[in-house]
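Asks: Generate coordinates for the sequence data below:
(one chain, ligands or ions: 1)
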Amino acid sequence: MDYYGKEMSRLIQQLSSLPGIGAKSAQRLAFHIVNMPLEQAKTLSETILDAREHICYCKVCCTLTDQEICPICSDPSRDPGTIMVVENTRDLAAYEKTGKFKGLYHVLQGAISPMLGIGPADIRLKELMIRLKGDVKEVIIATNSSLEGETTAMYISRLVKPTGIKVSRIASGVPVGGDLEYIDEVTLLRALEGRTQL
Ligand code: ZN
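Replies: Numbering: from 1, shown residues only. So this is what the prediction gives:
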């Protein structure tokens, strides 16, 4: 790739290290970037840096936020007695869009996957268990209905049951293998309302 020159090759290489960006897309993006007005390129690189430096995990629910405690956890009108467990911040956003869930969330930042070597200690389960020592009445498990999501749901229900807190699983209105973030709001609400106690 040396015929592009060192700087260009470096840019292409950096871009192709991003998920879902193959060699061809990386080249296309690199050419697009070097043809941008300088100001736009500066804004883009500063935005990436700012996001990387300031976005962290909420100290309570582990979602991505730019504050110590995210806006949902610090909202006094939300019900702290109900915690919905989701795999990632995109899933949280999907449920938030429905505007119907008034409890709090817990974001695992992943799911248990023996195939990929991701165990219970690799996701934010410890943080969930600490929260359950507070005044929690129900844990709604809303992990995806993939193999990983189901494995994680089963694991969590086994952890929570001995505490006496009610555990439920969202209904299977969510298609098997379906990612929560792609499912329409009506289906999400139906899945939430039709949840079953585990
Ligand atoms: Zn939070």
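Asks: And the helices in the chain?
Replies: Taking DSSP state H, the helices of the chain run over residues 6-16, 23-34, 38-54, 89-98, 125-131, 147-160, 185-193.
Asks: Who are the packing partners of the fourth one?
Replies: Translated: helix 89-98. strand 79-86, strand 103-107, helix 185-193 (3 or more CB pairs under 8 Å, 6 or more residues apart in numbering; DSSP states H and E). C-beta coordinates here come from the backbone N, C-alpha and C atoms, glycine included.
Asks: Okay, buried residues for that helix please.
Replies: Of all the residues in helix 89-98, those buried under the rule 16 or more other CB atoms under 10 Å are 89, 91, 92, 94, 95.
Asks: For residue 6, state which of those is nearest.
Replies: Distance to residue 6 across the buried residues of helix 89-98 (CB to CB) is lowest for residue 89, with 36.9 Å.
Asks: ok, so what distance separates the residue most central in space within the chain from residue 154?
Replies: For the chain, the residue nearest the mean C-alpha position is residue 88 (1.4 Å; CA atoms, centre = their mean). Residue 88 sits 19 Å away from residue 154, going by CB to CB, to the nearest Å.
Asks: Pull out the buried positions in the lowest-mean-pLDDT helix or strand in the chain.
Replies: Every helix and strand in the chain was compared by mean pLDDT, DSSP states H and E; the lowest is helix 185-193, with a mean of 75. Going by neighbour count (16+ other CB under 10 Å), the buried part of helix 185-193 is 187, 188, 189, 191, 192.
Asks: same check, this time on stretch 32-47
Replies: Neighbour-count burial for stretch 32-47 [16+ other CB under 10 Å]: residue 33.
Asks: For it, the averaged confidence score.
Replies: On average, the pLDDT along stretch 32-47 is 96.
Asks: next one: stretch 104-114
Replies: 95.
Asks: ditto for stretch 134-147
Replies: Rounded mean pLDDT across stretch 134-147 is 92.
Asks: what about residue 57, how many neighbours?
Replies: Using other CB atoms under 10 Å, residue 57 is surrounded by 17 other residues.
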